[in-house]
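*Asks:* Let's see this in three dimensions:
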Amino acid sequence: MSVQANPDLILANGSPAVAALRQETRSIPIVFAAVIDPLGQGIVANLARPGSNITGFTNMEFTVLGKMLELLKGMAPNITRAAALFNPATGFYVPGYLRLFEASSPSLGIELATAPVHDVSEIEDTDAKLGREPGGGLIVPPEAFTITHYKLITASTARHRLPAIYAYRSFVGEGGLMSYGHDPYDIFRRAASYIDCILRGEKPSELPVQQPTKFEFAVNLKTAKALGLQIPDKLLALADEVIE
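*Replies:* Residues are numbered from 1 along each chain as shown. Alright, predicted model coming up:
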């Protein structure tokens with residue numbers, strides 16, 4: 001419908017929207033937001049010079065998973081193993097990003113693993129398995145499945161008393177322990193600047209794909225207390241938001 005209307009430009013949210021639009025037009029400028037690994041997905045030929053009618057803003061870069069793990073270890077020092085919960089269909093990037101982190105960062109003394117779930121029925125079983133042994137923790141990276149089912153995930157994690165860190169503040173507002181990730185509103189504000197540039201005559205093929213620059217860290221004090229965790233002062237000082 002957007003392409004048939006022959007607009008001057010299209011703003012696309014997420015990889016599925018961009019993939020569909022690529023099949024429909026190679027001429028109408030497309031600015032994307034909240035796309036993970038556009039180079040790996042073949043959306044652009046080059047991050048610095050996209051080379052087509054598509055450019056935009058990603059919502060993930062590999063060091064974020066490492067930072068999430070560092071914050072989780074700082075909150076729960078007894079963690080010795082951590083798993084990343086994701087749906088392989090929507091969080092396809094997670095295993096590769098974990099490998100990049102392991103290769104580029106010093107060890108935190110944590111054994112990393114993936115915890116793939118294919119539907120909501122597997123969330124409870126996965127959390128139960130992780131929670132049965134001491135020293136377990138959970139990372140929930142940003143992807144469509146975990147975002148959609150954030151209430152179910154935070155409730156299950158609480159039942160199994162798993163220290164967990166999530167990608168968005170919405171999880172913490174629902175009772176999650178802590179979150180670290182990009183500011184989603186900032187991504188779209190920045191996308192507006194590219195829309196303005198293109199409508200003024202610049203070519204999307206020459207506008208570099210940009211990564212997130214603004215990140216948020218939130219902590220839930222009530223959840224920390226329920227898990228028997230004492231939040232270090234240095235973590236509280238880093239928090240952009242503390243929920244009591």
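*Asks:* Would you map the helices across the protein?
*Replies:* Using DSSP state H, the helices of the chain run over residues 15-24, 63-75, 94-104, 121-131, 144-148, 150-159, 169-173, 184-199, 221-226, 233-238.
*Asks:* can you tell me which of those the model trusts least?
*Replies:* Among the helices of the chain, helix 94-104 has the lowest mean pLDDT, at a mean of 79.
*Asks:* Can you tell me what sits against that helix?
*Replies:* With contacts defined as CB atoms under 8 Å, 6 or more residues apart in numbering, helix 94-104 is touched by 40, 60, 62-63, 65-66, 69, 84, 86, 112, 114, 141, 143. Quick note: C-beta positions are derived from backbone N, CA and C, even for glycine.
*Asks:* Now render the helices of the chain as TSV, adding mean neighbour count and distance to E244.
*Replies:* Shown next, in TSV, are those (neighbours: other CB atoms under 10 Å; distance: least, CB to CB, whole Å):
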stretch	mean neighbour count	distance to E244
helix 15-24	16	37
helix 63-75	20	16
helix 94-104	15	32
helix 121-131	16	25
helix 144-148	18	25
helix 150-159	19	17
helix 169-173	21	12
helix 184-199	16	23
helix 221-226	15	5
helix 233-238	10	11
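*Asks:* what's the closest of the ones you listed to T55?
*Replies:* helix 184-199 (6.6 Å; CB to CB).
*Asks:* just how off-centre is the closest one within its chain?
*Replies:* 19 Å (CA atoms, centre = their mean, to the nearest Å).
*Asks:* now stretch 125-145
*Replies:* With CA atoms, centre = their mean, you get 16 Å for stretch 125-145.
*Asks:* contacting residues around the residue nearest to the spatial centre of the chain?
*Replies:* By CA atoms, centre = their mean, the mean C-alpha position of the chain lies nearest to P142, the distance being 2.5 Å. Listed by CB under 8 Å, 6+ apart, the contact partners of P142 are 36, 59-60, 167-168, 181-182.
*Asks:* one more time with 10 Å, if that's ok
*Replies:* If a contact means CB atoms under 10 Å, 6 or more residues apart in numbering, then P142 has 34, 36, 59-60, 64-65, 86, 91, 93-94, 166-168, 179, 181-182, 184 as its contacts.
*Asks:* same check, this time on A167
*Replies:* Neighbours of A167 in contact, by CB under 10 Å, 6+ apart: 59-60, 64-65, 68, 139-143, 146-147, 150, 179-182, 184, 216.
*Asks:* Please verify my assumption that I43 contacts S15.
*Replies:* Yes - using CB atoms under 10 Å, I43 makes contact with S15 at a distance of 7.5 Å.
*Asks:* Pull up the overlap in contacts between those two.
*Replies:* Joint contacts of I43 and S15 (CB under 10 Å, 6+ apart) are 32, 35, 37.
*Asks:* For burial, what's the neighbour tally of the last one?
*Replies:* If you count neighbours by other CB atoms under 10 Å, D37 ends up with 17.
*Asks:* Sounds good, over and out.
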